[in-house]
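1. Sequence first, predicted model second:
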2 protein chains.
Amino acid sequence: MKPQLSIVKIGGNIIESPEELSEFLSLFAALPNPKVLVHGGGKRASQIESKLGLTPRLHQGRRITDNDSLDVVVMVYAGLLNKNVVAHLQALQCNAIGMSGADANSILSVKRPVKDIDYGWAGDVVEVNHRAIDKLLKADLVPVFCALTHDGKGQLLNTNADTIASELAIGLSSRYQVTLYYCFEKKGVLRNVDDENSVIRDIDEAAYLKLKAEGVIADGMLPKLDNCFHALYKDVSRVCIGDKEMLQKNASNYTTIQL
Amino acid sequence: MKPQLSIVKIGGNIIESPEELSEFLSLFAALPNPKVLVHGGGKRASQIESKLGLTPRLHQGRRITDNDSLDVVVMVYAGLLNKNVVAHLQALQCNAIGMSGADANSILSVKRPVKDIDYGWAGDVVEVNHRAIDKLLKADLVPVFCALTHDGKGQLLNTNADTIASELAIGLSSRYQVTLYYCFEKKGVLRNVDDENSVIRDIDEAAYLKLKAEGVIADGMLPKLDNCFHALYKDVSRVCIGDKEMLQKNASNYTTIQL
């Protein structure tokens, strides 16, 4: 029986708000080890870009990362956000260690090939170095990953945080029974987007096909859930989607996705 | 017999110049493990501060770190500079892991007490967690420290990189025979500041007292060398001062300080 591992990804709304972040980190710190945190920080990066007189460029919500923009995301993700999260977790007796994919050669990626759109210094994950990450987990450390990887040739690459979380979950599933938590502002996958109380508690493959056919799951939720099933097909035990309350003991009002 | 450990601190002139940095990192990567790198980055931080419309404030070369200034040094030291160095070292097959003192709770400090000058969020080192750092070294990782520590209560603190290097050297001397390298733009401690060929190869305690009495060592070199002797009194094996060439095998034209 493999040991359990929790991988928690937090969205922009949590990391951008000091109060939300503080409440979330207390819940995260209380989770048993081993565990991993993954965060993005696109909004803060865009703010700093603007302050520096740069214009953030996005295509369908994804950042086009030119040279200046890469410098900013590296400063904001790996510096400002990551180190403050690490210091905060340390104050909660959670022995965090901040990571980009370059650190300990933990996540290797390739620059996204240019098709219709040139995303610049955007990285698509090629390999998760589960051996290196496992060494940190075995040392009772709590890796905190920001949304950066590297190409192994000296180049940092901006990489979607949802993808980093699912690739880490997949990569570590050879050693652990992994639960992947996507923590965002809603209570879970909702049957009615306007009703926070319409959380669909459990989704399996059959239910997912039905919900798609009914049009209940559509738009932005589709790629998110496709990504979840991709992780499940690759041996991740379960994926949970909900707000930070789902990390509490005895919580039940969130969505669990399992094959 | 304790195993050997090299701790190398690089100054601003190296980290600010891509060519110098690249040459230095090749030499550093070639050093045998275990080893640790420490860097600052004050000039780059001041540039980014200016770009953000902030005014860097320094007192006798030391930064006065207010809230905005702390955000910038965290972005620049732990983000921009640290992660690019780590990615560069990875490309050289050196398995680097970027660190602030908050990561793995590696360096604890206290906010500098206000006397004549309020240095703001400046930290004075209290404790080096040699156990945590040794776990990384034992995992064959190469820690790359930026000039930041934390107070254990969630606060990041800006900390002089020379001090971080000497405190790391002292803290790790219980487990290792430590050589501390201060790598800067000159070939070593010079008998005549205008003559690069006047390197004083060896300095012991008696020689130091003599050089001070003669006025050969004065001004900025005084606190630097006092800091070196402080490390030596606390069991660091030797301190070397010179330019990056001192890291080469068979190099001899640099200053070695030993009790």
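-> Received the coordinates, thanks. Residues are numbered from 1 along each chain as shown, chains lettered A, B, ... in the order given.
2. Does anything pack onto the host helix or strand of A:Y208? Which helices or strands?
-> Here A:Y208 sits within helix A:205-214, counting by DSSP states H and E. Contacts defined by 3 or more C-beta pairs under 8 Å, 6 or more residues apart in numbering or on different chains; DSSP states H and E place helix A:205-214 against helix A:221-233. To be clear about C-beta, it is placed using only N, CA and C from the backbone, and glycine gets the same treatment.
3. tell me what the helix it packs on is packed against?
-> Using 3+ C-beta pairs under 8 Å, 6+ apart: helix A:221-233 touches helix A:161-172, strand A:177-183, helix A:205-214, strand A:238-242, strand A:255-257.
4. Provide the strand pairings for the fourth one, with the direction of each partner.
-> For strand A:238-242, sheet partners with direction are given as strand A:177-183 (parallel), strand A:255-257 (antiparallel), following DSSP bridges.
5. Can you add distance to A:Q155 and mean pLDDT and give those strands back as TSV?
-> What follows is the strands paired with strand A:238-242, written out as TSV (distance: least, C-beta to C-beta, whole Å; pLDDT from 0 to 100):
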stretch	distance to A:Q155	mean pLDDT
strand A:177-183	27	97
strand A:255-257	34	97
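6. for chain B, what are the nearby residues on the stretch 1-150 of chain A?
-> By C-beta under 8 Å from any C-beta of the partner chain, the residues of the stretch 1-150 of chain A that approach chain B are A:48, A:51-53, A:71, A:74-80, A:82-84, A:86-88, A:90-91, A:95-100, A:102-105, A:132, A:135-136, A:139, A:141, A:148, A:150.
7. Which among these count as buried?
-> Neighbour counting over the residues of the stretch 1-150 of chain A next to chain B (16 or more other C-beta atoms under 10 Å in any protein chain shown) leaves A:48, A:52, A:71, A:74-80, A:82-84, A:86-88, A:90-91, A:95-100, A:102-105, A:132, A:135-136, A:139, A:141, A:148, A:150 as the buried ones.
8. what would the helices and strands packed on helix A:221-233 look like in JSON lines with mean neighbour count?
-> Listed next are the helices and strands packed on helix A:221-233 as JSON lines, based on neighbours: other C-beta atoms under 10 Å in any protein chain shown:
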{"stretch": "helix A:161-172", "mean neighbour count": "25"}
{"stretch": "strand A:177-183", "mean neighbour count": "24"}
{"stretch": "helix A:205-214", "mean neighbour count": "13"}
{"stretch": "strand A:238-242", "mean neighbour count": "23"}
{"stretch": "strand A:255-257", "mean neighbour count": "22"}
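9. Just send these back as CSV, with distance to A:L25 too.
-> Below are these laid out as CSV (distance: least, C-beta to C-beta, whole Å):
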stretch, distance to A:L25
helix A:161-172, 16
strand A:177-183, 11
helix A:205-214, 31
strand A:238-242, 17
strand A:255-257, 22
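10. Relative to B:G188, which of those is closest?
-> helix A:161-172 (44.9 Å; C-beta to C-beta).
11. Check the average confidence over the closest one, would you?
-> For helix A:161-172, the mean per-residue pLDDT is 97.
12. Could you measure from the residue in chain A that chain B sits nearest to over to B:F145?
-> Nearest residue of chain A to chain B: A:G79, at 2.6 Å (C-beta to the nearest C-beta). A:G79 is 14 Å from B:F145, where distance means C-beta to C-beta, to the nearest Å.
13. likewise A:S69?
-> 27 Å.
14. Tell me which of these two has more neighbours.
-> More neighbours surround B:F145 than the other of A:S69 and B:F145, with 29 against 22 (other C-beta atoms under 10 Å in any protein chain shown).
15. Quick check, that one in contact with B:L168.
-> Yes - between B:F145 and B:L168 there is a contact under C-beta atoms under 8 Å: 6.9 Å.
16. which residues pair with A:H39 across the strands?
-> A:I10.
17. list the contacts for it?
-> When contacts are counted by C-beta atoms under 8 Å, 6 or more residues apart in numbering or on different chains, A:H39 touches A:K9, A:I10, A:I15, A:Y77, A:L81, A:N82, A:V85, A:V144, A:F145, A:C146, A:A147, A:A161.
18. Quick check: the gap between it and B:G12.
-> Applying C-beta to C-beta, the value for A:H39 to B:G12 is 30 Å.
19. Likewise for A:V189?
-> In terms of C-beta to C-beta, A:V189 sits 51 Å off from B:G12.
20. same question, A:A251
-> Distance from A:A251 to B:G12, counting by C-beta to C-beta: 50 Å.
21. Chain A: strands as residue ranges?
-> For chain A, the strands defined by DSSP state E cover A:4-10, A:35-39, A:58-59, A:62-63, A:96-99, A:107-111, A:123-128, A:142-145, A:148-150, A:156-158, A:177-183, A:202-203, A:238-242, A:255-257.
22. What residues of the second one count as buried?
-> Residues of strand A:35-39 classed as buried by neighbour count (16+ other C-beta under 10 Å): A:K35, A:V36, A:L37, A:V38, A:H39.
23. per-residue confidence at the nearest residue to the first one once chain neighbours are set aside?
-> Yep, that's A:K35 we're talking about. For A:K35, ignoring the flanking residues on the chain, the nearest one in space by C-beta to C-beta, 6 or more residues apart in numbering or on different chains is A:S6 at 4.4 Å. For A:S6, the pLDDT comes out at 98.
24. and if you look at A:I217?
-> 89.
25. A:G12 too?
-> 80.
26. related to what we said a few turns ago, tell me which entries of the residues of the stretch 1-150 of chain A next to chain B lie within helices.
-> A:48, A:51, A:71, A:82-84, A:86-88, A:90-91, A:132, A:135-136 (DSSP state H).
27. which ones are touching the spatially closest residue to A:C94 that is not a sequence neighbour?
-> The shortest distance from A:C94 to any non-neighbouring residue, by C-beta to C-beta, 6+ apart, is to A:A29 (4.0 Å). Shown in contact with A:A29 (C-beta under 8 Å, 6+ apart): A:L89, A:L92, A:Q93, A:C94.
28. next one: A:T159
-> Residues counted as contacts of A:T159 (C-beta under 8 Å, 6+ apart) are A:G101, A:I107, A:S109, A:A122, A:G123, A:D124, A:V125, A:A147, A:L148, A:T149.
29. The fifth one contacts A:A102, correct?
-> This means A:G123. No - using C-beta under 8 Å, A:G123 is not in contact with A:A102; the gap is 10.6 Å.
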